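Asks: Build the 3D model from these lines:
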Amino acid sequence: MTESEPGPLVSAEWLAAHLDDPDLRIVHVSIDRQAYDRFHLPGAIFVDLHVDLAKAGLRPETGSARRQYLVPDRDEVSAALARWGVAPGDRIVFYDDVGQGRHAIRGYWLLRLYGFPAERLHVLDGGLSFWQAEQRPTTDVAVEAHPVEATERLHDRDESLIATADQVRMWSREATSPGGPTRLLDVRRIGEFLGREVLAERGGHIAGARNRQFNDFVAPDARLRPPEDALAALQATGVNPAELRATYCQGGVRAALVWFSLHELAGLSDVRNYAESWEEWGNRPDLPVET
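Replies: Residues are numbered from 1 along each chain as shown. Next up is the predicted model:
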């Protein structure tokens with residue numbers, strides 16, 4: 001990142017210097033409107049994770065299982081941008097309050113998926129927590145977005161950023177072959193990985209996956225760990241970073257954070273987010289599970 005060309009992750013210092021930019025749209029992502037109403041950054045609008053960034057519903061392949069983290073389609077994301085008041089050429093900075101960055105990064109990943117220009121899409125490092133720790137200004141005055149008709153043109157989804165169940169099954173087979181590479185990183189809690197905490201029809205993990213919790217990629221001050229630390233965390237887990245192909249969690253939100261750390265910051269361009277994650281895998285009887 002430079003002063004003139006900010007990267008995917010922007011600092012509190014950079015954002016503070018650009019709060020008054022006319023083309024800047026600051027998006028506070030949360031699961032709790034009351035949190036936004038107590039404290040938010042000046043100029044930030046509120047976006048509910050479960051309204052604009054993840055859909056509830058059913059899918060034929062998972063039967064009657066009620067899903068919470070389905071990926072919105074391109075038209076739904078375009079409609080969200082219009083509601084947020086994002087016009088062509090605008091720059092977006094996402095941040096969250098209690099998500100340790102994962103709620104904000106879900107928004108970043110979703111827009112990247114549909115081709116929003118990467119050079120104008122960012123995440124605030126450390127989110128609201130670090131912003132407040134630096135004693136930067138917040139407000140409780142709600143900001144109402146001004147909807148627009150013309151928004152940044154989105155595209156069909158970029159398949160290089162999202163993994164499918166068929167791809168994950170193939171990578172699982174590769175990983176479980178004799179001497180096979182580690183292809184999958186499970187970033188859930190250890191109880192979920194072992195099948196003791198069951199959040200789908202079945203508990204457990206995908207065969208061949210290694211476990212490294214998503215918050216291992218977040219520093220105590222809520223900022224993301226540097227790329228070299230992220231790669232060291234993989235290596236300490238017995239993973240060769242070059243072999244990795246996908247991250248997954250319960251609904252593709254924690255997995256998006258680790259994808260961001262590895263793909264956007266550490267340069268591992270082959271890593272994808274298996275966004276359907278355990279909501280799909282654990283609810284599909286045709287997919288194998290290990291405990």
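
Asks: Tell me where the stretch 101-250 of the chain has strands.
Replies: With strands called from DSSP state E, counting those that start in this stretch, the stretch 101-250 of the chain shows them at 121-124, 184-186, 210-211, 246-248.

Asks: Determine which stretch of these is the most buried.
Replies: A comparison of the strands of the stretch 101-250 of the chain by mean neighbour count, using mean count of other C-beta atoms under 10 Å, puts strand 246-248 on top with a mean of 29. In short, each C-beta sits where N, CA and C put it, glycine included.

Asks: Packing partners of that one?
Replies: helix 165-176, strand 184-186, helix 254-259, strand 272-273, helix 277-281 (3 or more C-beta pairs under 8 Å, 6 or more residues apart in numbering; DSSP states H and E).

Asks: for the third one, packing partners?
Replies: Contacting helix 254-259 under the criterion 3+ C-beta pairs under 8 Å, 6+ apart are the following elements: helix 102-113, strand 246-248, strand 272-273.

Asks: Tabulate those (TSV), appending distance to E279.
Replies: Converted to TSV, those look like this (distance: least, C-beta to C-beta, whole Å):
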stretch	distance to E279
helix 102-113	14
strand 246-248	10
strand 272-273	13
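
Asks: how about the nearest residue to D23, chain neighbours excluded?
Replies: Sequence neighbours aside, D90 is the residue nearest to D23 in space, at 5.0 Å (criterion: C-beta to C-beta, 6 or more residues apart in numbering).

Asks: Identify each of the helices in this protein and give its residue range.
Replies: 12-18, 33-38, 74-84, 102-113, 127-133, 165-176, 190-194, 227-236, 254-259, 277-281 (DSSP state H).

Asks: Need the mean per-residue confidence for the last one.
Replies: The average of the pLDDT scores along helix 277-281 is 98.

Asks: One more: the fifth one?
Replies: Taken as a whole, helix 127-133 carries a mean pLDDT of 98.

Asks: which ones are touching A163?
Replies: By C-beta atoms under 8 Å, 6 or more residues apart in numbering, the residues touching A163 are 171, 245-246, 248, 272-275.

Asks: Please identify which of these is nearest to H18.
Replies: N273 (27.9 Å; C-beta to C-beta).

Asks: who are the neighbours in contact with the closest residue to G251 other than its chain neighbours?
Replies: Using C-beta to C-beta, 6+ apart and skipping residues adjacent in sequence, the residue nearest G251 is Y69, 2.7 Å away. Shown in contact with Y69 (C-beta under 8 Å, 6+ apart): 54-55, 250-253, 275, 277, 279.

Asks: repeat that for 7 Å
Replies: When contacts are counted by C-beta atoms under 7 Å, 6 or more residues apart in numbering, Y69 touches 54, 251-253, 279.

Asks: now A145
Replies: With C-beta under 7 Å, 6+ apart, A145 has these contacts: 45, 83-85.

Asks: Check W278 too.
Replies: 199-200, 248-250.

Asks: one more time with 8 Å, if that's ok
Replies: 188, 192, 199-200, 248-251.

Asks: still on that earlier bit, looking at the helices and strands packed on strand 246-248, which is buried most?
Replies: For the helices and strands packed on strand 246-248, the highest mean count by mean count of other C-beta under 10 Å goes to helix 254-259, at a mean of 30.

Asks: P137 contacts G43, correct?
Replies: No: if you go by C-beta atoms under 8 Å, P137 and G43 don't touch, sitting 10.5 Å apart.

Asks: Name the nearest of the contacts of A145 relative to P60.
Replies: The closest of the contacts of A145, once distances to P60 are taken by C-beta to C-beta, is R83, at 28.9 Å.
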